[in-house]
Each structure stands twice: as structure tokens, then as C-alpha cells.
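Novice: here's a sequence, model it:
(one chain, ligands or ions: 2)
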Amino acid sequence: MANLSIHSKKHKVCVVGSGNWGTTIAKVVAENVAEHPDIFEQDIQMWVYEEEYTIPSSSKHHDPGSALSTKPQKLTQLINGLHENVKYLPDIALPKNIIANPDVASTVEGATILIFNLPHQFIGRICDNLVGKVLPYARGISCIKGVSVSDQGCELFSESIGKKLNIYCGALSGANIANEVALEKWSETTVAYEPPAMDSKQPTPEGSPHGSTANLTSLNNEKSSPKAKLAALPAEYPPLNHKNIRSLFHRPYFHVRMTTDVAGVSLGGALKNIVALAAGFVDGLGWGDNAKSAVMRIGILEEVKFGLQFFGHSCRGETFTEESCGVADIITSCSGGRNFRCAKMAVKEGKAIGEIEERELNGQKLQGTSTAYEVNAFLKVKGVEGEFPLFTAVYNILEGNNRPEDIPRLVEGHSRADLD
Ligand SMILES: NC(=O)C1=CN([C@@H]2O[C@H](COP(=O)(O)OP(=O)(O)OC[C@H]3O[C@@H](n4cnc5c(N)ncnc54)[C@H](O)[C@@H]3O)[C@@H](O)[C@H]2O)C=CC1
Ligand SMILES: O=C(CO)COP(=O)(O)O
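Specialist: Numbering: from 1, shown residues only. Ligands and ions are numbered 1, 2, ... in the order given. Here you go, the predicted model:
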């Protein structure tokens with residue numbers, strides 16, 4: 001087929017991270033670059049935190065006669081040889097254009113689109129290693145569910161990545177249990193991207209509260225960082241407007257809705273992990289679906305309140321109630337997510353959730369436990385712990401100050417009016 005593109009260069013896409021969701025998103029984008037060769041280069045470099053791994057005897061790749069199969073191997077070699085991430089996404093065939101790379105600097109080299117997808121506790125250090133190694137006009141998308149809390153306040157990862165690397169960074173988040181997406185079972189997701197004006201030959205959707213200009217000011221209401229100057233995407237590249245960003249993620253089984261609300265999308269993904277722990281706690285007590293629904297209802301109200309109170313000038317309440325990254329992610333995460341499952345087991349077995357995480361997840365990481373502590377530290381500094389009774393209850397249960405049985409009492413009386 002003739003290449004009708006008027007652009008002499010194509011976008012090089014890389015994925016920083018290769019866990020359960022990192023590998024799944026690499027599969028999604030690897031399929032899409034193959035379908036849009038006029039916009040994207042064909043290979044996807046995927047950064048892997050290198051480790052040695054022995055193929056388990058339950059794997060179809062296990063061959064007792066082969067030393068390769070019974071001895072530990074480098075995970076990158078296994079992924080590149082088998083086209084499968086045998087540790088973090090077993091039994092899912094990966095497209096051959098995914099290249100596992102243990103070196104983060106060469107993973108991002110020459111990339112114009114960087115997709116950040118790793119447990120949130122590791123992103124700060126990785127970004128430190130990337131300073132000065134990223135194209136000045138690169139653009140990022142963060143798939144990370146968490147927030148970055150420091151004495152500077154509460155920051156979105158899209159923003160902390162953007163500031164550290166001096167690039168624009170959007171966010172992807174939705175009701176997306178990775179294993180289901182990897183099996184190509186239908187789901188929706190939300191991608192928040194506010195194209196810097198110079199990247200876009202197309203207007204952002206009508207009604208956009210932010211227009212189409214780059215906004216690198218802090219999304220935290222009370223702090224605003226100096227505006228960093230973004231480098232323009234050279235005209236040789238196809239524009240990075242909503243249409244082209246969407247074409248990188250949208251699949252027949254993975255439906256993308258675009259928005260410009262980076263704060264709402266990021267916060268929905270981060271805060272629902274705290275709610276999922278609460279749902280696991282009450283389910284672990286055997287309290288049933290009504291109790292879980294109550295937790296979800298209060299959880300969504302606290303999400304909206306948190307967004308509007310601390311990120312109000314850039315966050316839309318409707319994002320939490322209308323988009324996949326909001327209410328839908330609460331529902332899916334409180335049904336089958338890892339935070340929910342591990343919290344439930346912890347209560348049923350009377351064990352610490354960290355012990356369950358270690359035993360059950362084969363190296364995958366819970367995000368809700370650390371997020372509950374981080375959000376609590378921020379709420380404490382602001383003096384508003386009492387205004388977020390569910391988030392606070394989860395923290396206190398993890399700390400051992402309260403028991404899961406206390407949740408109804410702790411959230412009682414917090415009607416919609418109380419949360420306003
Ligand atoms: N798994 C899921 O169903 C979904 C996860 N997410 C979010 O995506 C983000 C990434 O999650 P997953 O890919 O599932 O990760 P994961 O939970 O599978 O975590 C394991 C990953 O962490 C890496 N890792 C371990 N120690 C490390 C270190 N010291 N430095 C750097 N990396 C290290 C491992 O190599 C592996 O790639 C998280 O924020 C999560 O909340 C979002 C949607 C769905
Ligand atoms: O984010 C998720 C689903 O959208 C996955 O949640 P867990 O990390 O709790 O598995």
C-alpha cells in the first residue's frame with residue numbers, strides 16, 4: 001500500500017516498565033504501530049527491570065530435558081526468545097516487534113513517545129536516570145496508578161515525570177484488569193492528553209476546559225511551579241493530536257475515550273486503589289455485596305472531593321462519574337483487582353497484607369497500601385483527615401489503629417452534604 005504520509009519521520013514509541021500492565025500495554029501499542037506504519041516506527045522497545053527467572057514446571061515452555069528450562073535465565077532473554085513475559089504476563093503471546101531491553105537509557109533513545117508503566121514506587125529513580133537522555137520534544141503518557149507525595153505536596157505522576165524530564169506527559173487509566181485486556185476481552189479506558197498547541201494541527205474536543213495550550217503548571221491548587229518551556233515537535237513528524245494518540249492505544253477490544261482532564265484521570269486511577277482495599281476488608285469479613293457497594297459509593301465521593309479540593313482548577317468532577325477511569329475502575333477494582341483480593345485474604349486469614357502480597361503475586365506489586373499512607377500523609381498536613389473518612393479508615397486499619405469491623409462507624413454520618 002502506498003504511504004500517503006506527508007511526514008518524513010515517524011514516531012518511535014517505547015514502554016518504560018514490563019510488569020503485568022506494562023507488558024499488556026506494550027502488546028496493545030505493538031499491535032497498533034503495526035496497523036499505522038505511516039505514523040509509527042515498527043519496533044517497540046520495552047524496558048525490563050532485569051532479573052533471573054526459572055521457568056516453572058507448569059509453563060508450556062518448561063522442558064525438563066533442557067538445561068535452559070531448569071536453570072535461571074535473564075528475563076529479557078526469555079521475553080525476546082519466547083515472545084512471552086513468562087513471569088509477569090504468562091501464557092500471552094506477545095507481538096514480535098516488542099523488544100525487551102534491560103537498559104533504560106537505550107530503551108528511550110530516539111523515542112518521541114514514552115509510555116511510563118511501572119509500580120509507582122519505582123518511577124522517581126527511573127526518571128532520575130533518564131534526565132538528559134530523552135529527546136527534548138518527546139511526549140509521555142503515564143499509565144501509573146498512584147500519586148507522588150512529598151513535602152512539596154501531592155503531585156500527579158504525569159506532572160512529576162513531565163517536570164523532571166521537561167516533556168509534556170498525559171495519562172491513561174481505566175477499568176483495566178491487565179490479564180483481561182491481555183486476553184483481548186473488551187474494556188474501555190480513558191486517555192488524558194492536552195496536546196501542546198504546537199503539536200496539534202487539530203483543535204482539542206469542543207468544551208475542553210483547558211483549550212489546547214501546554215500546561216506544565218503544578219496541578220496542585222496551592223502550589224504552582226514555574227512554567228517550563230516545551231520544545232516543539234519538529235514538523236517532519238505526524239502531529240501528536242488526539243487522533244494520533246488515540247490510534248496508538250485504541251483496539252477493537254480496548255476502547256479509548258480521549259479527554260483533556262489529566263488530573264481527573266490520574267487521580268481516579270490512584271485513589272481507587274485505596275477504595276479497593278476497603279472493599280476487600282469488608283468482603284473478607286463476609287459482609288456481602290451491600291457493604292461493598294457502600295464502600296464504593298463513599299469512595300467515589302471522596303475521589304471527587306479530593307480532586308476538586310486539591311486539583312480544582314484542572315480537574316473535572318464528571319471525569320470520576322462518567323469515564324472508565326472513575327466509577328468503572330472502582331467497580332472492576334473492587335471486584336477482581338489485586339488490592340481487593342489481597343485485602344480480602346488478609347482479613348480472612350488474619351495476616352498482614354504485605355505477607356499476602358508476597359505470597360500471592362509472584363513479584364507483582366500492590367499500589368493501594370503505599371497510596372493509602374501517602375494520601376494520609378498529605379491529608380494530615382492539610383488538616384483534613386476527618387473530611388475523608390474512608391481513605392483515613394483504610395490508613396488506620398493498615399496501621400493497626402482500627403479494625404475492618406470499624407468501617408461503618410468510621411464513615412457514619414458522612415453523607416453527600418458532609419463531603420461537599
Ligand atoms: N496489573 C493491572 O491489572 C493494572 C495495573 N495498573 C497500574 O500500572 C502500573 C504498573 O503495574 P504493573 O505493570 O501491573 O506492575 P506489577 O505489579 O506487575 O509489578 C512488577 C513490575 O515491577 C518491576 N520491579 C520490581 N522491582 C523493581 C525495581 N526495584 N525497580 C523497577 N522496577 C521494579 C518488575 O520488574 C515488574 O516489571 C501500576 O501503577 C498499576 O497500578 C493499571 C491498570 C491495570
Ligand atoms: O487498576 C486495576 C484495574 O483497573 C488493577 O487493580 P489492582 O492493581 O488492584 O489489580
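
Novice: got a list of what the closest residue to Phe320 other than its chain neighbours touches?
Specialist: Closest residue to Phe320 apart from its sequence neighbours, by C-beta to C-beta, 6 or more residues apart in numbering: Gly326 at 3.5 Å. Placement of C-beta: from N, CA and C, glycine included. Residues near Gly326 by C-beta atoms under 8 Å, 6 or more residues apart in numbering: 264, 268, 300, 303, 319-320.

Novice: can you pick the most crowded of those residues?
Specialist: Using other C-beta atoms under 10 Å as the neighbour criterion, Gly268 leads the contacts of Gly326 with 33 neighbours.

Novice: what sits closest to that residue if chain neighbours are left out?
Specialist: Cys325 is the one closest to Gly268 (C-beta to C-beta, 6+ apart), at 3.9 Å.

Novice: correct me, but that neighbour touches Val262?
Specialist: No - between Cys325 and Val262 there is no contact under C-beta atoms under 8 Å: 10.6 Å.

Novice: which residues are in contact with both of these two?
Specialist: With C-beta under 8 Å, 6+ apart as the test, Cys325 and Val262 both reach Ala192.

Novice: which one's more surrounded, the two?
Specialist: Shown here are Cys325 and Val262; by other C-beta under 10 Å, Cys325 has more neighbours (32 against 28).

Novice: now the contacts of Gly326 as CSV including secondary structure, pLDDT and distance to Glu109?
Specialist: Formatted as CSV, these follow (DSSP: H, G, I helix; E, B strand; the rest coil; pLDDT from 0 to 100; distance: C-beta to C-beta, whole Å):
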residue, secondary structure, pLDDT, distance to Glu109
Gly264, helix, 98, 33
Gly268, helix, 98, 32
Ile300, helix, 97, 41
Glu303, helix, 98, 38
Thr319, helix, 97, 34
Phe320, helix, 97, 37
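
Novice: what's the closest non-adjacent residue to the residue in the stretch 301-420 of the chain positioned nearest to ligand 2?
Specialist: Nearest to ligand 2 in the stretch 301-420 of the chain, going by C-beta to the nearest ligand atom, is Gly337, at a distance of 2.9 Å. Computed as C-beta to C-beta, 6+ apart, the closest residue to Gly337 that is not its neighbour in sequence is Ala276, at 5.1 Å.

Novice: tell me the contacts of the one you found?
Specialist: Contacts of Ala276 by C-beta under 8 Å, 6+ apart are 330, 333-334, 337, 339-340, 343, 368.

Novice: and Lys96, how far is that from Ala393?
Specialist: 48 Å (C-beta to C-beta, to the nearest Å).

Novice: ok, Gly146 next?
Specialist: Distance from Gly146 to Ala393, by C-beta to C-beta: 20 Å.

Novice: with neighbour numbers in mind, choose between these two.
Specialist: Of the pair Gly146 and Ala393, Ala393 is the one with more neighbours under other C-beta under 10 Å, namely 26 against 23.

Novice: look at the more buried one and tell me its secondary structure.
Specialist: helix (DSSP: H, G, I helix; E, B strand; the rest coil).

Novice: ok, it touching Val411?
Specialist: Yes - proximity of Ala393 to Val411 meets the contact threshold set by C-beta under 8 Å, at 6.5 Å.

Novice: okay, and the common contacts of those two?
Specialist: By C-beta under 8 Å, 6+ apart, no residue touches both Ala393 and Val411.

Novice: what's the end-to-end length of stretch 58-69?
Specialist: 12 Å (C-alpha to C-alpha, to the nearest Å).

Novice: again but with stretch 74-88, I slipped
Specialist: 14 Å.

Novice: tell me the buried residues in that stretch?
Specialist: Buried residues in stretch 74-88, defined by neighbour count with 16 or more other C-beta atoms under 10 Å: 74-80, 82, 84-88.

Novice: about what we covered before: so how far is Gly81 from the residue nearest to Gly337?
Specialist: Remark: distance between Ala276 and Gly81 (C-beta to C-beta) = 35 Å.

Novice: average model confidence for stretch 24-32?
Specialist: Averaged across stretch 24-32, the pLDDT comes to 99.
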